[in-house]
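K.L.:
What follows is a predicted protein model with its sequence.
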Amino acid sequence: MSEAGASTVPAAIGPGRLILVVGPSGAGKDTLIGHVRQRLAGDEAYLFPRRIVTRPPSPAEDNVEADAETFAAIAKAGGFALAWSAHGHSYGIPAAIDHALHEGRTVLSNVSREIVAAARRRYADVTVIEITAPADVLRARIAGRSRASDGDASSRADRRVTAPVEPDVVIVNDTDVEGAASRLLAVVTAPAGRRIAS
């Protein structure tokens, strides 16, 4: 095939680092991210994008609510870097993260496992962190937050993973929230040559 006719694969977006936090409902992903955001407040090297979601945020989240029509319009206009559907709602990460990653910044976001493979193809430097906890802890947390969109706490806590991924780091967030947050912070701020693994 001639060079002119050869298909080209877009270069992966970088050199910044994209950190994706995954885990079951009730694991405390947004809580730990919130702790890390507070500790890194004012440091322009780190970006914590607000997800756009088609449901109201809970006290532990910092999402932007959008109705289904608005969400679809943003997606059609290319306004999302990553988007997915889960539990009857749509979620999107604003395309502005691409610019931040071009600048070499670190971007941290809570996402679905469903988009990890696509993210690894799209971005040059991706770290996947799984936050987890025992099933009884997950059930108690889901029941305690009283969010209508969660549905039955037991069934949600016991839901099987449909898109398993191999995380780079696993953090158990069962009783020591401060300890788990410190672990997440250490992974997020680790220099490129000294990445922390499980």
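P.N.:
Done, it's in.
K.L.:
List the buried residues of the one helix or strand Gly92 maps to.
P.N.:
For Gly92, the enclosing helix or strand under DSSP states H and E is strand 89-94. Under the neighbour-count criterion of 16 or more other Cβ atoms under 10 Å, strand 89-94 has Ser90, Tyr91, Gly92, Ile93, Pro94 buried. Using the backbone N, CA and C atoms, a C-beta is placed for each residue, glycine as well.
K.L.:
ok, those vs Arg183, which is closest?
P.N.:
Checking the buried residues of strand 89-94 against Arg183 with Cβ to Cβ, the nearest one is Ile93 at 23.2 Å.
K.L.:
Could you find the closest non-adjacent residue to the closest one?
P.N.:
Distances taken as Cβ to Cβ, 6 or more residues apart in numbering place Leu82 nearest to Ile93, at 4.5 Å, with adjacent residues excluded.
K.L.:
Which pLDDT value belongs to Thr162?
P.N.:
Predicted confidence (pLDDT) for Thr162: 59.
K.L.:
I meant to write Asn63 there.
P.N.:
Listed pLDDT for Asn63 reads 86.
K.L.:
Asp174 versus that one, what's the distance?
P.N.:
Counting by Cβ to Cβ, to the nearest Å, the gap from Asn63 to Asp174 is 25 Å.
K.L.:
neighbour-wise, which of the two wins?
P.N.:
Between Asn63 and Asp174, counting by other Cβ atoms under 10 Å, Asn63 is the more crowded of the two (18 against 15).
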